[in-house]
Each structure stands twice: as structure tokens, then as C-alpha cells.
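S.K.: Below are the sequence and a predicted model; questions follow.
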Amino acid sequence: MRKLALPAAALAAMTLALGACTSASQDAGSGDASGSASASAQGFDTSSIAKDDAVAAMVPEAISSDGTLTVASNLEYAPNEFVAADGRTPVGFDIDIINAVARTMGLEAQIENAGFDSIIPAIGSKYEAGISSFTINPDRLKQVNMVSYFTAGSALAVQKGNPDGIKADDVAGDALCGVTVGVQTGTIQQDQLEEVSKSCEAAGNEAIDLLPYDSQADVTTNLAGGKLQAMYADSPIVAYAVEQTNGQVEQLGGIDDAAPYGVVVAKNDPELASAVQAALQKLMDDGTFTQILDAWGQGEGGLSTAEVNPNVG
């Protein structure tokens, strides 16, 4: 993975996240913060992005009338979405992207911090959209519309030097049987390792000692501290953790199961999904989208075409 070239404010924020964690980053189920974070706290300053009249005309009147797009995000997943060093400002490349999308639609994004697995059930009622590194898969597509924008896979990390000698050749095989592995609650990595653990037992091996945490920062902290033998997370998160722990953890092996992320919108709101798709495509076409990702060292993962409910198999 390429090293991440991050602004100083983001580095300071990750130091907090990987340490004791601020109250804002710990309390994922409460509180909200404005999407208009200062430029010094963002990787990319979205304040100059202008409204696109054609895109704005696609926004449902119920949303355009108040000028605000209410967006849920779990601010526990740096560098994608997390809390800045001030303990309250949402930052990350997902946050910059949704702020840019909202401004293209002539709106301001109101980012609300929420537990990861609580977001999709509340889309269309409590929140108008969600952006939180949601991998597009058939189960989620049954519940919400998803607009693709980025590709990531899963990666395994261990303590520096891999002291337990964990094999990285086959996560889906027996490499993790009997290993204590941390994941964030509600992620596809948790689902995958639960199935792998069953296979371990069926083959007569020890089950994976799978420890889910509400906060990805807690997963990383416990790996660096030795409570965990490994962690399994999205590839940008693992790369960022390696960088920000100054090598206390290292990625083991390559990237598995690359798939697109999607902005989530209510299933019964295809108009908003189309507006989000049009806004993302505008940002991709004019180069702003790439600039946002490059500011976070994530340019290689960006898509060039945004699709509503792409076929992911």
C-alpha cells in the first residue's frame, strides 16, 4: 500500500483516535456536528465547490426546500470518517466527498455521528443519506439504494514482526483458526470471519476468537497493545493504522475481495439516489473527486463512474 500523505490536523486527530479516544469518537450513538468543517481540519476544502443547477434540479423538493442533506456516518474509521483533534468536527475522505456532493446539489451536509450498524435501518426516516465505508453487497441492496464511488478490499494486520507467526496466505482457510482477531461491529469483515470460524470448527480446528468492537480505533489500539493477535478491516483503514501507529502494527499479506463503497439512500427515494449519482459523476468528471482522494492519499481507490445499485454479484 502507498504511504498516506496527510495534513497535520488529520495526523493529530488519528493520534487521539488511537489513544484514549475522545468522548465524541467513543459515543457513536449520540451527538451531531456540522458538515462545514474548517479547511484546516479537512483534507480538502470543499467550501469553493459551486452548485450545479442541473444536479440541483434533480434533488427532491422535500430535501431542497430546507437546504440541508442530513447524513449519517460512523466517525470511527480513519481515514475514511473520523473525528478531528477538536473532538467534534467530522473529517475524512468520505466526509469531504459527501460535503462536495451536497454543495454540488446546492445543499449543506449535516453530518450526524451514528453507530455503524444503526445507519442503514434509519435511512429514509432519521437520515436522508449515509456515507460510512459501506461495501456494496446484495444484502444491503435489498434494504437501500447505493451509489458507487470508491473501491476497497479487506486486509489483515498484526503486531510488528508478526510475533505469533500468523500465516497470511489464506484468510478464508485455516490461517486464523484459534487466533484472537478484532473487527468493527457490523462490518463485512465480522460476517466473513464468523463464517470462517464455523469452517474451522467443522474441520476439527479451534474457532477464531473473534472480538467485535464498536470503534475501529479500539480495534487498532488493542492490536498495538497486544490484546489482539490480528485485526481485519478495510484496506485503507489498515494502511492508515500502520502509518499512524509508527509501525507498531503491520499489514500481513495482500488485499482480499475488492468491492465498491456506496453512498446509501432510502429504497423508496430513487430521485435522491439519481441526484447523488449525478453529483458524484460531476465531481469525477471535473477532477474534484480525485483531488479529494489525493488529499488523503487514497487516489488509487477512486472510481471514474458512479452507478446506482451496480451489479456486484
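M.R.: Yes, it's here.
S.K.: ranges for the strands of the stretch 1-150 of the chain?
M.R.: Here the stretch 1-150 of the chain has its strands, by DSSP state E, counting those that start in this stretch, at 32-34, 68-73, 82-83, 90-91, 108-113, 129-130, 144-159.
S.K.: got the contact list for the helix or strand that the longest one is followed by?
M.R.: For strand 144-159, the following helix or strand on the C-terminal side (DSSP states H and E) is strand 180-184. Residues outside strand 180-184 that contact it (Cβ atoms under 8 Å, 6 or more residues apart in numbering): 76-77, 116, 189-190, 193, 208-216, 218-219, 222-223, 227-233. For the C-beta atoms, the positions are set from N, CA and C on the backbone; glycine is no exception.
S.K.: Neighbours of residue 231, how many?
M.R.: Residue 231 is flanked by 29 other residues according to other Cβ atoms under 10 Å.
S.K.: Using the three-state scheme, assign it.
M.R.: When classified by DSSP: H, G, I helix; E, B strand; the rest coil, residue 231 comes out as strand.
S.K.: how close does it get to residue 184?
M.R.: Taking Cβ to Cβ, to the nearest Å as the measure, residue 231 falls 9 Å from residue 184.
S.K.: quick one: common contacting residues for those two?
M.R.: Taking Cβ under 8 Å, 6+ apart as the contact rule, the neighbours common to residue 231 and residue 184 are residue 219.
S.K.: in stretch 95-109, what counts as buried?
M.R.: Of the residues in stretch 95-109, 95-107, 109 count as buried by neighbour count, 16 or more other Cβ atoms under 10 Å.
S.K.: Now do it: distance to the chain's middle.
M.R.: In terms of Cα atoms, centre = their mean, to the nearest Å, the centre of stretch 95-109 is found 17 Å from the chain centre.
S.K.: For it, give the mean pLDDT please.
M.R.: Per-residue pLDDT values across stretch 95-109 average out to 98.
S.K.: before we move on, what about stretch 206-222?
M.R.: Averaging pLDDT along stretch 206-222 gives 95.
S.K.: Centre-most residue in the chain?
M.R.: residue 133 (2.8 Å; Cα atoms, centre = their mean).
S.K.: Apart from its chain neighbours, what residue comes closest to that one?
M.R.: In space, not counting the residues next to it along the chain, residue 133 is nearest to residue 80; the distance is 4.7 Å by Cβ to Cβ, 6 or more residues apart in numbering.
S.K.: about what we covered before: out of the contacts of strand 180-184, which end up buried?
M.R.: Neighbour counting over the contacts of strand 180-184 (16+ other Cβ under 10 Å) leaves 76-77, 116, 189-190, 193, 208, 210-216, 218-219, 222-223, 228-233 as the buried ones.
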